[in-house]
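>>> Prediction below, plus the sequence it came from.
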Amino acid sequence: MENVPDILELRDLRVLLSGQRRLLRRPVLPVRAVGGVSLSVRQGEILGLVGESGCGKTTLGRAVLGLQRESGGEIRLNGKLVSGLPPKRADRAQRHPLRASRRRGRARPVVEHRPHA
């Protein structure tokens, strides 16, 4: 499996959920939801995220799917850098390879959240 390319690669991915400025009260500081995640998934591999409630599994999945902006690090799909793109361009770049893989009958990424399973 040495020559199989990575279809997904994350390098030091970080996501901060923004704080709030509030009138006449202390500001709410940003929260580090995902801190420094690196991984790669090759064609034919299956990835499962397991962890405690509130550890950032859903936020990581949302960032990979382009539904949540990353604060730092890199997201690459099929070798193409898609992190840091404006939301609409990132959405197009991230969805295009997934559509093509579905047409060819390959498995597609799934984010599933079932805390009581």
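Structure received.

>>> how many neighbours does Leu23 have?
Neighbour count for Leu23, taken as other Cβ atoms under 10 Å: 4. Where you see a C-beta, it was placed from the backbone N, CA and C, and this is true even at glycine.

>>> quick one: it from Gly61, how far?
Distance of Leu23 to Gly61, computed by Cβ to Cβ, to the nearest Å: 34 Å.

>>> Could you check how far the residue of the chain positioned farthest from its centre is from Val34?
Residue farthest from the centre of the chain, counting by Cα atoms, centre = their mean, is Leu24 at 35.6 Å. Leu24 sits 32 Å away from Val34, taking Cβ to Cβ as the criterion.

>>> Which parts of the chain are strands?
6-17, 31-42, 72-77, 80-81 (DSSP state E).

>>> Now mean neighbour count and distance to Gly56 too, for the ones you listed, in a markdown table please.
Formatted as a markdown table, the strands of the chain follow (neighbours: other Cβ atoms under 10 Å; distance: least, Cβ to Cβ, whole Å):
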| stretch | mean neighbour count | distance to Gly56 |
| --- | --- | --- |
| strand 6-17 | 18 | 7 |
| strand 31-42 | 15 | 4 |
| strand 72-77 | 18 | 13 |
| strand 80-81 | 12 | 22 |
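
>>> where does this structure have low pLDDT?
For the chain, the stretches with pLDDT under 70 are 1-2, 87-88, 90-117.

>>> the helices in it, which residues?
Secondary structure of the chain (DSSP state H): helices at 57-65, 87-103.

>>> now stretch 51-65, how far from the centre of its chain.
Centre-to-centre, stretch 51-65 and its host chain are 8 Å apart (Cα atoms, centre = their mean, to the nearest Å).

>>> And stretch 15-26, by the same measure?
On Cα atoms, centre = their mean, the centre of stretch 15-26 falls 24 Å from the chain's centre.

>>> One more: stretch 21-40?
On the basis of Cα atoms, centre = their mean, stretch 21-40 sits 17 Å off its chain's mean C-alpha point.

>>> tell me how far the ends of it are from each other?
In stretch 21-40, first residue to last residue: 37 Å (Cα to Cα, to the nearest Å).
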